[in-house]
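Enquirer: Provide a 3D model corresponding to the input given below.
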Amino acid sequence: MSILRIGVITVAGALLAAVPAAGVQTGGEERTWTNSVGMEMVRIEPGTYLRGSDESDERRFHDERPVHEVTISRAFYMSATPVTNAQYEEFDPSHRAYRGMHGLSEGDDDAVLFVSWHDAVAYTQWLSEREGRPYRLPTEAEGEYAARAGTTTAYSTGDSLPEIYHRHQRDEIRPVAVSLAVAQSPPNAWGLYDMHGLVEEWCLDWYGPYVPGPQTDPVGYADGLYRVTRGGSHNTGVSYLRSAARFATIPEDRHWLIGFRVVQAEMPESEPLPPPGPELWARDVSREVYDWSGGPDPEVPFFRAPEPFIHFADDSRFVTFQTHNPTITHLPNGDLFAIWHAMVTERGRELSIVGARLRAGAESWDPATEFFRVPGRNTHGPALFHDGEGTLYHFNGLSTSAEIHHILALVMRTSTDNGATWSRPRLIEAEHNSRHQVIDGAIRLRDGTIVVPADANPGGTALHMSEDGGETWRDAGGTITGIHAGVVELADGTLMAIGRGGNIDDRAPISRSTDRGATWTVEASPFPPIRGGQRPVLLRLREGPIMYIGFTDDRDTPRAVGWTFTDAAGQEYRGYGLFAALSYDEGRSWPVRKLITAADGVEYFSRYLGRPTTPFTATRDNAEYGGYMAATQTPDGVIHLLSSRLHYRFNLAWLETPAPAE
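Expert: Take a look at the predicted model:
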């Protein structure tokens, strides 16, 4: 008769559960066995543990809370290591083409990379059919249970993870080549290798927030946008390898951080949780078509003093976060809709997208709530675009982890109900590279082609195009001089762009392409350079002129020179900060230039990366001096301009009216 050896979890002196210790024997059941692809399977006995962590860290968005008791009621077998290249390629020999990409995972016994959640599920189905026994991915609860192996500390090794488990545990711009051979570090107490690091591992569950209270065999949510990954990986910070750490991503995503391991067991019989309720921006959304005829008289100058568009409820987790990089559009129901970054650091894994509405007829914006967050992935660069025919597009970059500039894929979602509901995120350009840092300013050309600008790092802007309404996409191939470039189509089909950086004779560069973005020529524009903390706007107005919005230097900067403006008496004066210029001849000349200022003597706060900067006083010759600008023009002719904090409203008649004389 076999003997069952039991380990005990004790927290704050309280006995929680009996769990199996290493070497457990269970009434004739095999402790380990090897399957037909050479995979060692380890029996994991039932038990109870505390899932999650109360450790305080804003960067985790509190995803690991609340800590709650979880019972695994049935034994299951888990592969001792992640699936290797040799094991996976028995199922899909073509995957061999991925070996060695970025210098990673070259050998037969290296953990397999570049597999989507769907690939991993297909593998388990193939293995089930081959062996006549059920294989699947582990649930998230099983994954943490197995990683803890009876411990309550941050890692199964204690409160730190010894160097022997490390595989270059730092977030990098691009992955650093490191060995991904499995089982090269000691197993945990239950005989499982590589549970802390090596590769993240797909789980079965749709991602969602934890719910409080004891649970038995939880299987996550009934639906969602992202599938859970667990365990952490090479080339990421060591804290992401903790037992409680949880991540997720789009199920179609493939990259160099994620692999998987398998479980041999039937599915748990528990029911999934219903999906969480809608965020504020998705509630009570009008479906009525708005009548824009009640707007300001387009022949009369209209300007409204700027007001903050960023508000958070007092209990929002975003209250202390930095906010930055907005994009805005108007909707058929008369709402304005804006989304932007919320983050602790711009390159952090916690960076996500929040959103809010200014509802038709309302005086102030709704409090902002979460709009798009891929847990544990930097989602840098949002863009909104309404095609004028009822379809709203959301474009976003998607990182593998924390870094932004060189490892983003390009994601798209659509809405046909004024942004109340959205399609699942779709990878429209799936490779994680340096040309997918989406920025505001998507447009549609006269032939219907949708054009989405994205920073092409370092130092330029790429254009991504769809000629079939968003079904298929391609990179136009060329690179605009300067990042954050605004783009317009000229009357002859030429594309014109103005970006930040690559200045010529101390002027912002202006780029033109006659072959739909395949190649570009560049020359000096008449405008002052765009500097750090600033992003320009280039927009074709409904009335026909092209509007450029940029900045002069800050009046309080040493050796500031500003720019020359003309008042209503025809007198030139020196002005500083945010300005607009108008061209009536397709960008050949810009005869109108005007500071965008309330000129009311009021002190306003700008905002860059979310932190209020030194206030600026709005006067005749002084305007906001920093911000990532985004703009839309509603059918009533009002131009809605967002900086990194403030919402400006004015019309063409106001732009064309010179500032009052001194």
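Enquirer: what residues are up against the closest residue to E489 other than its chain neighbours?
Expert: Of all residues not flanking E489 in the chain, L445 sits nearest, at 5.1 Å (CB to CB, 6 or more residues apart in numbering). To be clear about C-beta, it is placed using only N, CA and C from the backbone, and glycine gets the same treatment. By CB atoms under 8 Å, 6 or more residues apart in numbering, the residues touching L445 are 451, 489, 493.
Enquirer: got it, and N378?
Expert: 347-349, 351, 397, 399, 401-404.
Enquirer: now the closest residue in space to it that isn't next to it in sequence: phi and psi?
Expert: Counting by CB to CB, 6+ apart, N378 lies nearest to S399, which is 3.9 Å off, once chain neighbours are set aside. Recorded main-chain torsions at S399 are phi -80, psi 160, according to degrees, to the nearest 10.
Enquirer: S399 and D253, how far apart?
Expert: Counting by CB to CB, to the nearest Å, the gap from S399 to D253 is 10 Å.
Enquirer: same deal with G577?
Expert: 41 Å.
Enquirer: need the longest helix for the protein.
Expert: Ranked by number of residues, the top helix in the chain under DSSP state H is helix 117-131.
Enquirer: report the buried residues of it.
Expert: 117, 119-121, 123-124, 126-127 (16 or more other CB atoms under 10 Å).
Enquirer: out of the contacts of L445, which are inside strands?
Expert: Within these, residues falling in strands by DSSP state E are 451, 489.
Enquirer: I72 is in contact with R51, isn't it?
Expert: No: applying CB atoms under 8 Å, one finds I72 not in contact with R51, separated by 10.3 Å.
Enquirer: so what sits against both of these two?
Expert: With CB under 8 Å, 6+ apart as the test, I72 and R51 both reach 141, 145.
Enquirer: which residues does N396 contact?
Expert: N396 neighbours (CB under 8 Å, 6+ apart): 353, 372, 379, 381-383, 410-412, 425, 438.
Enquirer: that one: which element?
Expert: If you go by DSSP states H and E, N396 is part of strand 392-399.
Enquirer: beyond that strand, next helix or strand please.
Expert: Taking DSSP H and E, what comes next after strand 392-399 is strand 408-415.
Enquirer: compute the inter-axis angle for that following strand and strand 392-399.
Expert: Strand 408-415 runs at 160 degrees relative to strand 392-399, counting by axes from the mean of the first three to the mean of the last three CA atoms, to 10 degrees.
Enquirer: tabulate the CA atom coordinates of strand 408-415 in CSV.
Expert: These are the backbone C-alpha positions of strand 408-415, laid out as CSV (Å, rounded to 0.1, in the frame of the first residue of the first chain):
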residue,chain,number,x,y,z
LEU,A,408,4.5,46.6,-31.2
ALA,A,409,2.0,44.8,-33.3
LEU,A,410,-1.0,46.7,-34.9
VAL,A,411,-4.5,46.0,-33.6
MET,A,412,-7.9,47.1,-34.9
ARG,A,413,-11.4,47.1,-33.5
THR,A,414,-14.6,48.5,-35.0
SER,A,415,-18.0,49.7,-33.6
